[in-house]
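Peer 1: dropping a prediction and its sequence here:
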Amino acid sequence: MSSSYDYIIVGAGSAGCVIANRLSANPDIRVLILEAGGKDNNPWIHIPVGYFKTLHNPKTDWCYKTQNEAELEGRSLDWPRGKGLGGSSSINGLLYVRGQKEDYDSWAQAGNSGWSYDDVLPLFKRSESYELGSSDLHGADGGLAVSKIRAKSKISEAFIQSAVEMGVPYTDDYNGEDQEGVSYFDQTAYKGLRCSSAKAFLKPARNRANLDIQTHAHITGLVFDKTDAKKVIGVSYDHKGRNHQAMINDGGEVILSAGAIGSPQILELSGIGRGDILQKAGVAPRHELAGVGEALQDHLQIRLVFETNVPTLNDMINSPIGKLSIGLQYALFRGGPMSLGASQVAIFAKSMKSLETPDIQFHFQPLSADKPGLVMHPFSGFTSSVCQLRPESRGHIHITSSDAYEHPKINANYLTATADQLCAIRAVRFAREMTQMPSLKPFVVREHTVCGDMSSDQDMLDVARRYAQTIYHPTSTCRMGNDATAVVDPQLRVHGIANLRVADASIMPSIVSGNTNAPAIMIGEKAADMVLAARGA
């Protein structure tokens, strides 16, 4: 460990690992990356289906929970977030989704110059190692392995055909110019093994003499210059019960990449945020920044389950012989169900024909359980999970104590916007109509997730309220922009604080139309470019 660094990165997750790689590529730049979790040496991290073992495991998952959600029948939802090298990319469902072109163009149109689709596409390509090779839309030389799902089933093929019969076009690439369509998911895996951000970016750089990696480093706050209360000069962290400080050199920076929960928490613990919130938590306000922890957005997935008359993975997982078969397929060939990400089939569709772009996304799984990571249902079944891509509901995340180990309070405020409720109704109706299509109907025995007689809009909304879960995409709690409630500027610099940036999913002005891991990695690429440009390197 050095006595000081040019850059200190807080959080070795999706974005942080990228930044550490890019900055330390210059041997004249000293970099420290601090991770509150441990190393990624749990074998279940590297097996694609291992998320069944790493979710809800306090060694690999922060195990956050929301407050009771008023519009979800007062339920509190589990909010898994990755804890350890790779962050959430080490425990997620491996699904590679960039979002819509329009997402990024809207960021730029709101005043965030440099964030349009044309600006960020080269960054997606740079990070990617696409198994089909390079093209105008894909890269083949990056560290992040992106591959096609190979394990298919009769029920997944029927699901795809039913979407086509609903008017959804088949697509070879939902990450292309037009997202609309149905296809198998791309996943961040290579030869049957997970490719986390740590494996893609941190592992190749870990032996560089100018890069230090410190695990089990729980951040307790930022360190400020004694003569300038708004100038960051380092970070304070707890390592195995002992307090430490890491400092930056003149001209250096601290980069928070702790995620949509961790980054606003660290800011608030350091006195940056809403004064009233900080005072209630026992933290002395240092810098009023009203947007910290606000503007939270997440995708809410409505998990509809259907019983089938053909075997699904439920049957294999619930059978000792089936489990043995699954294990052998993976051990011998790195194939079969254990090589799959969280979902097989993706659908990006319009719940109303009048829409210009898709507003709902399906995650199809040839299995079913009450919640992801739990025991499979005792019957043959599949899950047709559908989420609204651009929710209007906004929540917030705030500390309630000065104790850095105490989880902040999460209020997602799901379905509080009328537009979100209407979209949920259309989404459930769309999913149910799919099961009546010629390709899928012969396999469906009954609908497992129902409310009432399922004939009214209210029944559809009640299903969402009773059965919906997070799909693990929290964003926007350190929102980028130039208005009074923005936390960072388009260069990701925290407004009003020197030497401090945020670079993770928390900076999204609005949530992207799809899964958030690939965009978070892109944000890491963008942040690294900005830091190097400011340094003149």
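Peer 2: Right, received. Where do you want to start?
Peer 1: tell me where the stretch 151-300 of the chain has strands.
Peer 2: In the stretch 151-300 of the chain, strands defined by DSSP state E, counting those that start in this stretch lie at 181-184, 186-187, 189-190, 193-194, 211-214, 217-225, 228-239, 242-256, 272-273, 287-288, 300-308, listed in chain order.
Peer 1: show residues contacting stretch 56-74.
Peer 2: With contacts defined as C-beta atoms under 8 Å, 6 or more residues apart in numbering, stretch 56-74 is touched by 37-38, 42, 44-45, 54-55, 75-84, 90-91, 261, 373, 407, 409-416, 421, 465-466, 468, 470. From N, CA and C alone the C-beta is placed, and that goes for glycine too.
Peer 1: for the buried ones among these, write the corresponding ChimeraX selection.
Peer 2: To isolate the buried members of the contacts of stretch 56-74 in ChimeraX, using 16 or more other C-beta atoms under 10 Å:
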select :37,42,44,45,54,55,75,77,78,79,80,81,82,83,84,90,91,261,373,407,409,410,411,412,413,414,415,416,421,465,468,470
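Peer 1: give me the subset of the contacts of stretch 56-74 lying in strands.
Peer 2: Judged by DSSP state E, the contacts of stretch 56-74 include Asp78, Trp79, Lys409, Ile410, Asn411, Thr470 as members of strands.
Peer 1: is it true that the fifth one touches His396?
Peer 2: Okay, so that is Asn411. Yes - assessed by C-beta atoms under 8 Å, Asn411 is found in contact with His396 at 5.5 Å.
Peer 1: Ser76: what's it in contact with?
Peer 2: Contacts of Ser76 (C-beta under 8 Å, 6+ apart): Lys65, Thr66, Gln67, Asn68, Glu69.
Peer 1: make it 6 Å
Peer 2: Residues near Ser76 by C-beta atoms under 6 Å, 6 or more residues apart in numbering: Lys65, Thr66, Asn68.
Peer 1: repeat that for Ile360.
Peer 2: Residues counted as contacts of Ile360 (C-beta under 6 Å, 6+ apart) are Ala349, Ser351, Val386, Ala427.
Peer 1: repeat that for 8 Å
Peer 2: 347-351, 386-389, 423, 426-427, 430.
Peer 1: roughly how far apart are it and Ser343?
Peer 2: Separation of Ile360 from Ser343 (C-beta to C-beta, to the nearest Å) stands at 14 Å.
Peer 1: now Glu165
Peer 2: Taken as C-beta to C-beta, the span from Glu165 to Ser343 is 20 Å.
Peer 1: more neighbours: which of those two?
Peer 2: Each of Glu165 and Ser343 has its neighbours counted (other C-beta atoms under 10 Å); Ser343 has more, 25 against 16.
Peer 1: tell me where this protein has helices.
Peer 2: In the chain, the helices defined using DSSP state H lie at 14-24, 43-46, 51-54, 101-109, 117-127, 154-165, 197, 259-269, 275-281, 313-317, 320-333, 418-434, 457-467, 517-535.
Peer 1: how about those helices, which one is nearest Arg242?
Peer 2: Closest to Arg242 of those is helix 259-269 (C-beta to C-beta; 18.3 Å).
Peer 1: average pLDDT for stretch 22-31?
Peer 2: Averaging pLDDT along stretch 22-31 yields 98.
Peer 1: what is the end-to-end distance of that stretch?
Peer 2: Stretch 22-31 has an end-to-end distance of 10 Å (criterion: C-alpha to C-alpha, to the nearest Å).
Peer 1: residues of it that come out buried?
Peer 2: With burial defined by 16+ other C-beta under 10 Å, the residues of stretch 22-31 counted as buried are Arg22, Leu23, Ser24, Ala25, Ile29, Arg30, Val31.
Peer 1: okay if I get those residues as a markdown table plus distance to Val531?
Peer 2: Converted to a markdown table, the buried residues of stretch 22-31 look like this (distance: C-beta to C-beta, whole Å):
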| residue | distance to Val531 |
| --- | --- |
| Arg22 | 8 |
| Leu23 | 6 |
| Ser24 | 12 |
| Ala25 | 12 |
| Ile29 | 9 |
| Arg30 | 13 |
| Val31 | 10 |
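Peer 1: and the two most separated of those?
Peer 2: Arg22 and Arg30 (14.2 Å).
Peer 1: pLDDT weak spots in the stretch 201-350 of the chain?
Peer 2: Low-confidence segments of the stretch 201-350 of the chain (pLDDT under 70): none present.
Peer 1: nearest to Ser368, of the contacts of Ile360?
Peer 2: The closest of the contacts of Ile360 to Ser368 turns out to be Val386 (C-beta to C-beta; 14.4 Å).
Peer 1: which residue packs closest to that closest one, ignoring adjacent ones?
Peer 2: Residue nearest to Val386 in three dimensions, not counting chain neighbours: Ala427, with 4.5 Å by C-beta to C-beta, 6 or more residues apart in numbering.
Peer 1: measure that neighbour to Leu389 for me?
Peer 2: The spacing between Ala427 and Leu389, counted by C-beta to C-beta, is 10 Å.
Peer 1: neighbour count winner among those two?
Peer 2: Neighbour totals were compared for Ala427 and Leu389, and Ala427 leads with 28 against 23 (other C-beta under 10 Å).
Peer 1: hang on, isn't that one packed against Gln388?
Peer 2: Yes - between Ala427 and Gln388 there is a contact under C-beta under 8 Å: 6.5 Å.
Peer 1: thinking again about what came up before, can you redo the ones in strands among the contacts of stretch 56-74 as a markdown table with pLDDT?
Peer 2: Output for those, formatted as a markdown table (pLDDT from 0 to 100):
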| residue | pLDDT |
| --- | --- |
| Asp78 | 96 |
| Trp79 | 97 |
| Lys409 | 98 |
| Ile410 | 98 |
| Asn411 | 98 |
| Thr470 | 96 |
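Peer 1: who's in contact with Thr54?
Peer 2: Contacts for Thr54 (C-beta under 8 Å, 6+ apart) come out as Asn42, Trp44, Ile45, Thr60, Asp61, Ser90, Ile91.
Peer 1: tell me the spacing between the residue lying closest to the third one once chain neighbours are set aside and Pro408.
Peer 2: Leaving aside its sequence neighbours, Ile45 sits nearest to Ser90 (C-beta to C-beta, 6+ apart; 4.9 Å). Using C-beta to C-beta, we find Ser90 at a distance of 22 Å from Pro408.
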